[in-house]
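> heads up, no residue letters with this:
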Ligand SMILES: *Cc1c(COP(=O)(O)O)cnc(C)c1O
């Protein structure tokens, strides 16, 4: 079955009988048993105590695992609960973790501040250097952790290069698939052992809940279940239901995100006030061929630099009317942020420069509004920004070429 079908139904066949079309919300902390013997059996299932599991969570887990093409999955109260639980299940004191440098800020924080406390050695490599994987390994390397496309510069990691290298040495690979979503990229099919998600983003898709997910082989998921039960990063049943509801429209949302972001990336790359656009599905992106090989579409994330300084970038995002100035991504509404001032603010200037995050870099999460309206919004904000710097409006604006004429709604794939 295709992703669009799986996102609506999860794994088929569905149970027979007079069941509900929508998954019920089991808003209960605990479940009763008929006997002590039964209660003992229930401990391993999803009808014992909600920190151990819950039928609404189970349905969300089945859907995410089916979408990722994995044996099994678990959902968590946040993406960070999912990521930290997956890493803690994998690593022991004395282990070495090889991890990409361009990481989500919270993950960077955990691996640089918390893992050393647990006597785990961490070394970092650049996303573009995946081919050098072999030289970066140590005898005690337990796992390699990657993220692609990266936040916020949208570089790609050659997933196959990493998993081939790890397999030769019996090393576990872990990947954050948040930015692409399982609609656009299937890491397990490329050999990744463990996939993690901030399900807050594209999976849930409506900026209305915080949640996480992990998928992998059944034996790993069983171990992870013990970690989750002990650390307690569980997802509430109501949040699990909202996640299920969000996932049902993943296919139509992602198609629109892919198509609109592609159109906006093309518009920006032809604009005289824009210095650089990062979007893997642009034909001039240095990793365009890799994008086409390992992704179905580019998703809704774009970053770009104006021909302006930090003040100019601030003026631009503050001039937007449809795009909200807000963190997070992957929702139906379009958002804009300046990573140096938000997601990457806790890093030093030197660390940011090493990651390619300049002070004027702008990140867009393109929503599902009409793309003509989004481009008109960007256009007026560019004019406003240029005015501040005394650039004649005619140069800054491409209003003479109606943006809508060059825009198609279909996806990048
Ligand atoms: C948001 C995000 C996370 C963290 O997820 P939360 O749900 O906020 O805990 C991890 N990885 C990536 C790539 C993210 O965008």
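Now that the structure is in, tell me what you want to look at. Remember, it's a predicted structure, so these values are computed and weren't measured experimentally.
> grab the nearest non-local neighbour of whichever residue of the stretch 101-250 of the chain sits closest to the ligand.
Distance from the ligand to each residue of the stretch 101-250 of the chain (C-beta to the nearest ligand atom) is smallest for residue 198, at 3.0 Å. In short, each C-beta sits where N, CA and C put it, glycine included. Leaving aside its sequence neighbours, residue 198 sits nearest to residue 79 (C-beta to C-beta, 6 or more residues apart in numbering; 2.7 Å).
> quick one, what contacts the residue of the stretch 101-250 of the chain closest to the ligand?
Contacts for residue 198 (C-beta atoms under 8 Å, 6 or more residues apart in numbering) come out as 78-80, 82, 104, 176, 178, 211-212.
> tell me which of the residues you listed fall in helices.
79-80, 82 (DSSP state H).
> and the ligand, which of those residues reach it?
79-80 (C-beta under 6 Å from any ligand atom).
> top of the ones in helices among the contacts of residue 198 by neighbour count?
Neighbour counts for the ones in helices among the contacts of residue 198, by other C-beta atoms under 10 Å, peak at residue 82, which reaches 30 neighbours.
> per-domain residue ranges of the chain.
Domain assignment for the chain, taken from automatic domain parsing, gives 3-247, 250-406.
> need those domains in JSON lines (columns: mean pLDDT).
As requested, the domains of the chain are exported to JSON lines (pLDDT from 0 to 100):
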{"stretch": "domain 3-247", "mean pLDDT": "95"}
{"stretch": "domain 250-406", "mean pLDDT": "88"}
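> separation between the closest residue to the ligand within the chain and residue 107?
At 2.2 Å from the ligand, residue 79 is the closest residue in the chain, using C-beta to the nearest ligand atom. Applying C-beta to C-beta, to the nearest Å, the value for residue 79 to residue 107 is 9 Å.
> helix or strand for residue 64, which one?
Residue 64 is located in helix 55-68, with elements delineated by DSSP states H and E.
> how distant is that helix from the center of its chain?
Centroid separation for helix 55-68 versus its chain: 17 Å, with C-alpha atoms, centre = their mean, to the nearest Å.
> could you check the helix or strand that comes right after that helix against the ligand for contacts?
Downstream of helix 55-68, the first helix or strand assigned by DSSP H and E is strand 72-76. No - using C-beta under 6 Å from any ligand atom, strand 72-76 never reaches the ligand; the gap is at least 8.4 Å.
> isn't residue 308 right next to residue 382, touching?
No - if you go by C-beta atoms under 8 Å, residue 308 and residue 382 don't touch, sitting 9.8 Å apart.
> find the residues that touch each one of these two.
Applying C-beta under 8 Å, 6+ apart, one finds that residue 308 and residue 382 are jointly contacted by 273, 316.
> who's more crowded, those two?
In this view residue 308 and residue 382 are compared by other C-beta under 10 Å, and residue 382 has more residues nearby, 26 against 22.
> not counting residues beside it along the chain, what's closest to the residue nearest the centre of the chain?
Using C-alpha atoms, centre = their mean, the residue of the chain that lies closest to the mean C-alpha position is residue 178, 1.4 Å off. Leaving aside its sequence neighbours, residue 178 sits nearest to residue 198 (C-beta to C-beta, 6+ apart; 4.6 Å).
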